[in-house]
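Fold the stuff below for me.
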Amino acid sequence: GVEGATAAAQALSLPAEAYGNDPQLEVMWAMKAYNHAEIYFNLISSVDPSNLKLTKVDDQIYTSFRESFSDLNIKNLDPDMLKTADAKEKWRPFCNQFDGVVEDFNYGTLLRLDCEKDYTEENTIFATRIQFFAIEIARNREGFNAPVFQAKKQPS
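Purely as a prediction, here's the structure:
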């Protein structure tokens, strides 16, 4: 109910150090991340993604992202481009520039690897919120999310 949702939201806003490895918190985080993913996928299925504005600073995020990651294949992400030690070193300065600019910039979220497919276990990776925004803003602006919208527009 409302009280449970409020308690969950409050719990999820506390720093990770406050919890250790609390299984209940992990379940709440997973539910929140999944709900966010589901809402986002429904959004790009219903509205032309090229018209979406995900944050107040989309232009800044996009410009900085493409300056830092001009050759990153955003259509089909390679998990190593996000998760290896070298990749994390490259992402760190990009992400940190949005501390105080994008709310909860370093919170965990789910990101699709192949942007033409839905969120599934095989097609999903854990990423920070700013990585999600950077990649999805680029996918929207560069037309890579258009097939999701087009597929939902087609009569069955």
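
From here on, just use CA atoms for contacts and neighbour counts.
Fine.

any low-confidence regions in the chain?
For the chain, the stretches with pLDDT under 70 are 1-22, 154-156.

Show me the helices in it, by range?
Applying DSSP state H to the chain gives helices spanning 2-12, 23-46, 58-68, 80-83, 85-96, 129-141, 146-153.

ok, now which ones touch the one residue sitting closest to the centre of the chain?
Central residue of the chain (C-alpha atoms, centre = their mean): residue 132, 2.7 Å from the mean position. Applying C-alpha atoms under 8 Å, 6 or more residues apart in numbering to residue 132 gives the contacts 109, 110, 111.

that older thread, from the helices of the chain, which stretch is densest packed?
Ranked by mean neighbour count, these are led by helix 129-141 with a mean of 22 (mean count of other C-alpha atoms under 10 Å).

what's the burial count for residue 74?
Residue 74 has 19 neighbours, counted by other C-alpha atoms under 10 Å.

I figured it hits residue 139, correct?
Yes - counting by C-alpha atoms under 8 Å, residue 74 touches residue 139, with 6.6 Å between them.
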